[in-house]
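S.K.: Quick one, structure for this:
(chains A, B, C, D, E and F)
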Protein chains: 4
Amino acid sequence: MRESGNEIVEPFVMAAKRPVTARGERTRRALVAAARRLFEANGYVATNIGDISAEALVSHGTFYTYFTSKEEVFAEVVSDLIADFQRIAHDEPAVDRGAALWERIERSNRGYLRAYEANARMMAVLEQVATFNPRLAKTRRQARRYWVDRSAKAIVGWQQQGLVDRHIDPVYAASMLGSMVDRSSYLWVVVGEHYEFGSAVEQLTRLYCGALGLQYGRASAQRAS
Amino acid sequence: MRESGNEIVEPFVMAAKRPVTARGERTRRALVAAARRLFEANGYVATNIGDISAEALVSHGTFYTYFTSKEEVFAEVVSDLIADFQRIAHDEPAVDRGAALWERIERSNRGYLRAYEANARMMAVLEQVATFNPRLAKTRRQARRYWVDRSAKAIVGWQQQGLVDRHIDPVYAASMLGSMVDRSSYLWVVVGEHYEFGSAVEQLTRLYCGALGLQYGRASAQRAS
Amino acid sequence: MRESGNEIVEPFVMAAKRPVTARGERTRRALVAAARRLFEANGYVATNIGDISAEALVSHGTFYTYFTSKEEVFAEVVSDLIADFQRIAHDEPAVDRGAALWERIERSNRGYLRAYEANARMMAVLEQVATFNPRLAKTRRQARRYWVDRSAKAIVGWQQQGLVDRHIDPVYAASMLGSMVDRSSYLWVVVGEHYEFGSAVEQLTRLYCGALGLQYGRASAQRAS
Amino acid sequence: MRESGNEIVEPFVMAAKRPVTARGERTRRALVAAARRLFEANGYVATNIGDISAEALVSHGTFYTYFTSKEEVFAEVVSDLIADFQRIAHDEPAVDRGAALWERIERSNRGYLRAYEANARMMAVLEQVATFNPRLAKTRRQARRYWVDRSAKAIVGWQQQGLVDRHIDPVYAASMLGSMVDRSSYLWVVVGEHYEFGSAVEQLTRLYCGALGLQYGRASAQRAS
DNA sequence: GATGAATGAGGCTTCATTCAT
DNA sequence: TATGAATGAAGCCTCATTCAT
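M.R.: Numbering: from 1, shown residues only, chains lettered A, B, ... in the order given. Modelled structure (predicted):
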């Protein structure tokens, strides 16, 4: 479950030719924006370079001035996506120190779902591409690992504080509970399961806390013992 | 999260021409088997009809004697897959009546992972195709709903017995915990996260039980107080 | 404008395998009938052997028991067509000896249009096929020649009686006036020019008679001198 | 027999992509020319896109840069054909005012035959295609209507001058006599009936004039009474 | 006779990529 | 830089015809 590298997301796109002039910069941006629109609308496979060029209002050949393949623009779009994703997910107001554990977890889950919601279409496309493009699968995995590592560390801390059972393997648990949150977001936003946002956040957090044996909610809310 | 219909999986493939003679039957089966091998090896998009025919050792045109498109064979392969999946998942030895709740859940999780393992490559491909083919997305959803419904019913039962907190919504919980199991299987088998089978089953079950507030393991196993 | 051979239509189809048993006879007839229905409905090019077999409710391979190609069934259908055409065109009640010339011409024209009407769809298809199939073009030409020869002989007779100007070449005139009648029938029946049957017959006959300098209608009908 | 619209031939081809550069212009023209050569040589059905590209010495895919289908190039070829046809048919030296009626008709017939002769092969192919392509059938019909309308108007004029019998319906007559000229041209040029040009023009004109009761030739040429 | 399976040549179309201007 | 033309590999699909049973 480990992968080397410490950055959140690998610099990833290095080859793509960068424009020199302002005009070039504009053209390039138009291409990336056009690509994202089309990927979102039609998916990766159904989008072709001719379409992207046309959508960006440049000639077919111009595309190759900035990118060498569809994969390359896609990587750039994804790069933006992940950055945006993490930015949104972190934008939750700085956790006040006094917040209970379950409140912090809830805050995190809410952030994740919200970020997912904001980037739903592209997340779906990334999901799709990751199933057949190893390089993007890796990107996807790295983005994921970021969350898993964070959670695993937290669990270890909770175990040290005696809040979480030592029988629980922090990495397995982080991965599995992360899967629960991530996949539930996907089902909700992309596949269209009929969650209601508030309930979803609450239920996810309840299950998350329960799974680790953490108390959810104020007082002795969880189980009448 | 509901879908109408009561069957496990819709009859799904109806049109594909059935052979009349034994020879035809053999040929058709060879095509389906060849298709599955190639889908597993190369994915859906990269597999083409020419390859399938060659792999089945029949001429190009013969494919069209039995199927009208790649989608059609794929549907057939998936149909087999889901049937197989459900068969394996149920093959866990009939639960002895005396088994504890957590044992039954563990048994179910083990079955799921095992079925996933046995059909790993095709599950991945189905996942892939479901991202861009609505008809298969529906199949995927129906297969999933089968598990969710089962779990939700169980949770309701447990709530009635006072084993599970009434604050937990059975359908949300079934969906979310199902996502956890399903997605973890995927990550393990397809993406290659480094789970060890026994631990994975154990950890999944621990989390599952904990999330619902059910006791895991014999005696006071769960939290060293 | 001459072609060798004296028969109205060449025996044309000789090769086609004739059935021996009554069952075979039935099958063969079913194929020819099916072929005609499909040719009429969809034209020659769009009709294929699979369709014909299916329409005749026999297996694909059975077609080849009786015919070696689409052209061959088509030839048979056309053979029937031309026979039918000539039968209808002659069915006009035997001209009573006392009839005026223009009446006989009118009768002939009416017969032609009626025959055309009865076989419209197939005539159109034959027309179509004759444009790219030399063998059928020949058949078409022979059927046509029959009428031209008849007319040319009649014109010669009329010239000998002093009814028609000697400057008129009987063969050219027969061919050209035949073209007028034939093509007008085609335009009316197949292309859909909006003729009214009675007027068409009358006008055709007027023009036909006028062209040859024959009197049309009773008394001094034609031009007030 | 009427069709609305006043233009000679509908604009007909609108979609086909036009080249921007001179090089593109050259290539496109080469494709159209190649297409016409092959249509003339082999007919519509037997000509395929691969052949056209090869004949134009461009790659297969280049064809699709300018046309989306065989029908599309064909439409363009036909468009040229009809324009050329009408140009030639009108190129007869401006009728001198003093010419007799029959001379003018003869001149018109000669023009028609000559135009037919110059475009014989393509006229045959158009005839062929019109039998199974409704859009081209319409084009064919419109081109035809142009002549019919012209003739009908002339006949009306002659009737007003008392030159033509009022019993003759101008539209029927124009259509039918037009059919005679048109179809005779076809038989001569395409099917190969053995006309001699001069005689054909003369005989056609004789019949045409006679049919309408107009005098043919100088003095009392027509019928020795 | 009849069947239905198998064949493979023949055509169509798309699209990523290169290139001269 | 930008353009648009040209390329050709890669896939798709149809259907006349043959053949073993």
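
S.K.: For the spatially closest residue to A:Arg140 that is not a sequence neighbour, which residues are in contact?
M.R.: The shortest distance from A:Arg140 to any non-neighbouring residue, by Cβ to Cβ, 6 or more residues apart in numbering or on different chains, is to A:Ala130 (4.2 Å). Just so you know, the C-beta spots here come from the backbone N, C-alpha and C atoms, and that holds for glycine as well. Neighbouring residues of A:Ala130 by Cβ atoms under 8 Å, 6 or more residues apart in numbering or on different chains: A:136-137, A:139-140.

S.K.: Local confidence estimate at A:Ala130?
M.R.: At A:Ala130, the pLDDT value in this model is 84.

S.K.: try the one 3 residues further on
M.R.: The pLDDT attached to A:Asn133 in the predicted structure is 81.

S.K.: Equivalent analysis for A:Phe63, please.
M.R.: For A:Phe63, pLDDT reads 96.

S.K.: Which residues are in contact with it?
M.R.: A:Phe63 neighbours (Cβ under 8 Å, 6+ apart): A:31, A:49, A:52-53, A:56.

S.K.: filter the residues you listed down to the ones close to DNA strand E.
M.R.: A:Ile49 (Cβ under 7 Å from any atom of the strand).

S.K.: Same list, the contacts of A:Ala130, but as CSV with secondary structure please.
M.R.: What follows is those, written out as CSV (DSSP: H, G, I helix; E, B strand; the rest coil):
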residue, secondary structure
A:Leu136, helix
A:Ala137, helix
A:Thr139, helix
A:Arg140, helix
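
S.K.: Report the residue ranges of every domain in chain A.
M.R.: A:22-73, A:92-212 (automatic domain parsing).

S.K.: what's the most buried one of these?
M.R.: domain A:92-212 (a mean of 19; mean count of other Cβ atoms under 10 Å in any protein chain shown).

S.K.: From D:Ala124, how far off is the residue of chain A found nearest DNA strand E?
M.R.: Closest residue of chain A to DNA strand E, Cβ to the nearest atom of the strand: A:Asn48 (3.1 Å). From A:Asn48 across to D:Ala124, the span is 41 Å (Cβ to Cβ, to the nearest Å).

S.K.: A:Arg145 too?
M.R.: Taking Cβ to Cβ, one finds A:Arg145 at 72 Å from D:Ala124.

S.K.: so where is chain A shaky, pLDDT-wise?
M.R.: A:1-16, A:89-97, A:219-225 (pLDDT under 70).

S.K.: Helices of chain A, residue ranges please.
M.R.: A:22-42, A:49-55, A:63-66, A:70-90, A:101-118, A:120-130, A:134-160, A:170-186, A:197-212 (DSSP state H).

S.K.: Let me have the second one in PDB, keeping just the CA atoms, if that works.
M.R.: Coordinates of the C-alpha atoms in helix A:49-55 are reproduced here as PDB (Å, rounded to 0.1, in the frame of the first residue of the first chain):
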ATOM      1  CA  ILE A  49      -8.200  15.800 -30.700                       C
ATOM      2  CA  GLY A  50     -10.200  17.300 -33.500                       C
ATOM      3  CA  ASP A  51     -13.000  18.100 -31.200                       C
ATOM      4  CA  ILE A  52     -10.700  19.700 -28.700                       C
ATOM      5  CA  SER A  53      -9.100  21.900 -31.300                       C
ATOM      6  CA  ALA A  54     -12.500  22.900 -32.700                       C
ATOM      7  CA  GLU A  55     -13.900  23.700 -29.200                       C
END
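
S.K.: Which other helices and strands does that helix contact?
M.R.: Secondary-structure packing of helix A:49-55 (3 or more Cβ pairs under 8 Å, 6 or more residues apart in numbering or on different chains; DSSP states H and E): helix A:22-42, helix A:63-66, helix A:70-90.

S.K.: Which among the ones you listed is found nearest to D:Thr21?
M.R.: helix A:63-66 (18.9 Å; Cβ to Cβ).

S.K.: what about that closest one, distance to the chain center?
M.R.: 28 Å (Cα atoms, centre = their mean, to the nearest Å).

S.K.: Wondering if it reaches DNA strand E at all.
M.R.: Yes - using Cβ under 7 Å from any atom of the strand, we find that helix A:63-66 touches DNA strand E at A:63-64.

S.K.: Confirm for me that A:Ala143 is in contact with A:Ile82.
M.R.: Yes - between A:Ala143 and A:Ile82 there is a contact at 5.2 Å, judged by Cβ atoms under 8 Å.

S.K.: Which residues of chain A lie near chain D?
M.R.: Counting by Cβ under 8 Å from any Cβ of the partner chain, no position of chain A is adjacent to chain D.

S.K.: for DNA strand E, what are the nearby residues on chain A?
M.R.: A:48-50, A:60-61, A:63-64, A:68-70.

S.K.: which one of those is nearest chain D?
M.R.: Nearest to chain D, judged by Cβ to the nearest Cβ, of the residues of chain A next to DNA strand E is A:His60 at 10.9 Å.

S.K.: To C:Arg166, which of the helices of chain A lies closest?
M.R.: Comparing the helices of chain A by Cβ to Cβ, helix A:49-55 comes nearest, at 72.0 Å.

S.K.: contact partners of the closest one?
M.R.: A:31, A:34-35, A:37-38, A:42, A:59-60, A:62-63, A:70, A:73.

S.K.: ok, A:Met122 - contacts?
M.R.: A:36, A:39-40, A:77-78, A:81.

S.K.: which two from these end up farthest apart in space?
M.R.: A:Glu40 and A:Val78, at 12.1 Å, using Cβ to Cβ across those.

S.K.: and the contacts of A:Ala130, which two are the farthest apart?
M.R.: Most distant of these, by Cβ to Cβ, are A:Ala137 and A:Thr139, 7.3 Å apart.

S.K.: Check chain A for the residue nearest DNA strand F and tell me.
M.R.: A:Gly61 (1.9 Å).

S.K.: tell me the contacts of that residue?
M.R.: No residues are in contact with A:Gly61 under the rule Cβ under 8 Å, 6+ apart.

S.K.: Roughly how far does it sit from B:Tyr208?
M.R.: 56 Å.

S.K.: what's the answer for A:Phe197, then?
M.R.: With Cβ to Cβ as the criterion, A:Phe197 and B:Tyr208 are 24 Å apart.

S.K.: Turn the contacts of helix A:49-55 into JSON lines, columns for distance to A:Ile168.
M.R.: Listed next are the contacts of helix A:49-55 as JSON lines, based on distance: Cβ to Cβ, whole Å:
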{"residue": "A:Leu31", "distance to A:Ile168": "48"}
{"residue": "A:Ala34", "distance to A:Ile168": "47"}
{"residue": "A:Ala35", "distance to A:Ile168": "43"}
{"residue": "A:Arg37", "distance to A:Ile168": "44"}
{"residue": "A:Leu38", "distance to A:Ile168": "44"}
{"residue": "A:Asn42", "distance to A:Ile168": "43"}
{"residue": "A:Ser59", "distance to A:Ile168": "58"}
{"residue": "A:His60", "distance to A:Ile168": "56"}
{"residue": "A:Thr62", "distance to A:Ile168": "55"}
{"residue": "A:Phe63", "distance to A:Ile168": "50"}
{"residue": "A:Lys70", "distance to A:Ile168": "43"}
{"residue": "A:Val73", "distance to A:Ile168": "42"}
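
S.K.: quick revisit: export the contacts of A:Phe63 to CSV and append columns for distance to A:Asn119.
M.R.: Below are the contacts of A:Phe63 laid out as CSV (distance: Cβ to Cβ, whole Å):
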residue, distance to A:Asn119
A:Leu31, 20
A:Ile49, 23
A:Ile52, 19
A:Ser53, 24
A:Ala56, 21
